[in-house]
Structure formats: structure tokens, C-alpha cells
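> What follows is a protein structure lacking sequence information:
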């Protein structure tokens, strides 16, 4: 098994932070404050607390079953092999929509700073995605190292914004604390929910660590700490300095930076948006490409995708498929002028379905850990409530599950008819011992 591309704690933390800390930090503090006023800070704190059992459950599963299949592997362990394909399809085919929408948001910030329009937005998005695919094509160690540098720069920028603006904080901006009632805090929490997603994406990287049993708990704890400090810091400073009025706080990071660097704030925010976008897309592409190779290895997608499924290898065929799907989406967005909302909602519905599968698996597989099982069960209840609000967008996850089941049925029919199966991946690439450690 190759170790030349394995990742350590620093690179792993950067990839995890990049997946969880999305571009939402640029706009969500304002949107949440508009919804619930200063009481939106309670929603932020609640979501940080929600991260703990979710991240803990995925870390515990990754320690026991380190594999590129991520949540699909956990589902198979909990509910049988037939559960892997539906879960895997939900994530793999949602990644193109997720990273495309994230890149368009980042591109919009850059285009706005440069005075460009929709065409420039899509061009910048394409460049950001090209960079993410290229870094993953060159290997996870390079991708993780680049991610470490970018996340470090981003964290420094956000800390600078907080420090610059903090002296202007006013208690007057915190009263009344709940102007729209406490029920509005719940609405704000729903709005903020996906600022804290990403754990499902990095679950596919568990097999890439040189020592997942030792490193995953450290990486998970560091990620929660970094995300909590940055999110809560920006959220509190935004409300305490800018207040809750949309006209004062629409682009909080820019307005906070203006207090220290003046007219340069817009350009700096555009750079921050680009960094956030790259960090997020880089992590999702890293996880998604490894999932595709694992699904090909296990027969849940065409075996052509299997090369690169071993830990430390580069899944170039899976990367190529994701790149083709992303290119098709970008072209469609350019030609048909599709808005962001439907793309983001469709991807989010699939990602939440993956959360449901992963947390359900955790409830069953973590029976030896009372705390882990209870935490997973509580998080699962929250996610199920959120899931029903997607309405018509639930059609996509249902369609993907149906497609996965049809693929499995066709594979069984071919086997029954005596059609030779594609050569399996080497046993040491796929087999896991009973405790989840890759067999030799």
C-alpha cells in the first residue's frame, strides 16, 4: 500500500476545515441577524454544539472503518452491502452540483469587486474549479499542503477583520436581544445549518491518513475549535459592531474590514471568497473522487472507475468523471441562465440524505460507545426534521437511490445470466478486517 501520498494532522485539519468552513461566512451572519436579531448568536452557538456529536460520530466511524467509501462504507457495515450504492450515489452525483454552486458564489464576489457581470462570474468559477481539480490530480499531499496554506491565510484574514472592528462594538447593538421572538432563533438555525456541513465529505478521506486511529480524533477536535472560533467571532463582531439592520450589515466581512483598510476591503473580501471557494471545492472533490473509485472497486459503479482506490493513490478516472459533470453544469448555467438556488437546494437535499444514512449507521455501529450512540441519535433527529423542508427537491435523492438500485439489479441479472464480472480490485485494496483496519 502506497504511503507517498498519505496525509498528516496538519494537512488533514486543513482539508476538514476547508470542507466545513464555506463561503456562507461571508453572508450568513447578516442573513441570520436579519431573521432573529442579536438572538441569532444563540443559533450560531447551537450549531457549533451540534457539530460536536456529528463530527464525533463520523470520526469514530472513520477510526473503525478507514476507507475511501466514507459514509457508503459505514452504511454497508451497518445495513449490509446493498446499502452502499444508494448512499454512494447520493454523494458522488451531488458533488458536481455542490462544488459548481460554491464556485459560482465565489466567482460572483470576485466579479463584483472587479466590476464584471455574469460572464466574469462563470469564468472565475471555472478557474477556481480548474485549480481544485488540478491540485487533486497532482496528489493529496500537494492538495493538502496547498489547502493548509490557504486555510491559514483565510483564518488570519478573518481574525484581522475581527480584531480591527472589535473596538467599535456597542452594547446598544445587542438590544433588544430577541426583537422577532425566540421562535425566530429556530428559523435562523435552519438557515445556518449548512454552514456547518462538510463532515460527510471528509469521511471519504479517513483511509488517507497514515494512522487514522490516532490522527482522526486530533483532526476532528482541531477542526471544531477552528470553525467555532472563526464562525462565532465573525458572527458576534458583525452584530455587536454593525447591528442587525440589513442596510448596515449586508456584507459583514467587507464592512468590518473597511474600518481598518478602507476602500481595499471589497478587494480583500473578493480574495477571501476565492480562498473559501477553493478550500471547499478542493475538499469535496478530494472526498468525492475517492468515493467514486471505491464504488467502482466494489461494483456499485462501473469498474472502470476503480483505479486509484487504494489509500495514497490518485483516483484520476473518478476525477475525470466529476470534472466532466462540472463542466456540463457550468455550460448549462451559462447557456440556460439557471439560478443558484435550485442547484444549491438539489445538492443540499442529497447531502442531508447522506447525513441521515451516516448518522443512522453510527447509531447502530457505535453501540460500544453510549455517548457516541446518544450523540448520533440526537443529531439524526435534527437532520430528519431539516430534511422534510426540501419539498420538491427531494425528487433528486429519490431518483439517485432508484438509479443505484436499478444498477444493482442489472448487475445481479448479468451475474445470473453468466456474464463474467469485471476483474475485482486486489484484495488488499478493498478488504477490511473485522475492526475496520485495512488487511495486508
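That came in fine, so what should we check first? It should be emphasised that the depicted structure is a prediction, and the values quoted were computed from it without experimental measurement.
> mind checking how far the top helix by length along the chain is from the chain centre?
Secondary structure of the chain per DSSP state H: the longest helix is helix 265-297. Relative to its chain's centre, helix 265-297 lies at 8 Å (C-alpha atoms, centre = their mean, to the nearest Å).
> and if you look at stretch 254-267?
28 Å.
> ok so, going back, angle of the very next helix or strand once past the longest helix of the chain against helix 265-297?
Once helix 265-297 ends, the next helix or strand along the chain (criterion: DSSP states H and E) is helix 316-336. Helix 316-336 runs at 130 degrees relative to helix 265-297, counting by axes from the mean of the first three to the mean of the last three C-alpha atoms, to 10 degrees.
> Any buried residues in helix 316-336, and which?
317-319, 321-323, 325-327, 329-330, 333-334 (16 or more other C-beta atoms under 10 Å). To be clear about C-beta, it is placed using only N, CA and C from the backbone, and glycine gets the same treatment.
> ok, residue 318 to residue 325 distance?
Separation of residue 318 from residue 325 (C-beta to C-beta, to the nearest Å) stands at 11 Å.
> contacting residues for residue 254?
265, 266, 268, 269 (C-beta atoms under 8 Å, 6 or more residues apart in numbering).
> Let me have those in a markdown table, adding pLDDT as columns.
Formatted as a markdown table, the contacts of residue 254 follow (pLDDT from 0 to 100):
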| residue | pLDDT |
| --- | --- |
| 265 | 76 |
| 266 | 78 |
| 268 | 82 |
| 269 | 79 |
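> quick one: which of these has the most company?
residue 269 (25 neighbours; other C-beta atoms under 10 Å).
> Secondary structure element holding the closest residue to that one other than its chain neighbours?
Nearest residue to residue 269, sequence neighbours excluded (C-beta to C-beta, 6 or more residues apart in numbering): residue 254, at 4.3 Å. For residue 254, the element it lies in under DSSP H and E is helix 252-261.
> which parts of stretch 334-351 are buried?
Here stretch 334-351 shows 334, 343, 344, 345, 346, 347, 348, 349, 350, 351 as buried, counting by 16+ other C-beta under 10 Å.
> same deal with stretch 388-401?
390, 393, 394, 396, 397, 400, 401.
> Poorly predicted segments of the stretch 101-250 of the chain, please.
140-144, 194, 245-250 (pLDDT under 70).
> Any idea how many residues pack against residue 296?
Residue 296, neighbours per other C-beta under 10 Å, totals 25.
> who's in contact with the closest residue to it other than its chain neighbours?
With sequence-adjacent residues excluded and distances taken as C-beta to C-beta, 6+ apart, residue 296 is closest to residue 305, at 3.0 Å. Counting by C-beta under 8 Å, 6+ apart, residue 305 touches 292, 293, 295, 296, 315, 317, 318, 321.
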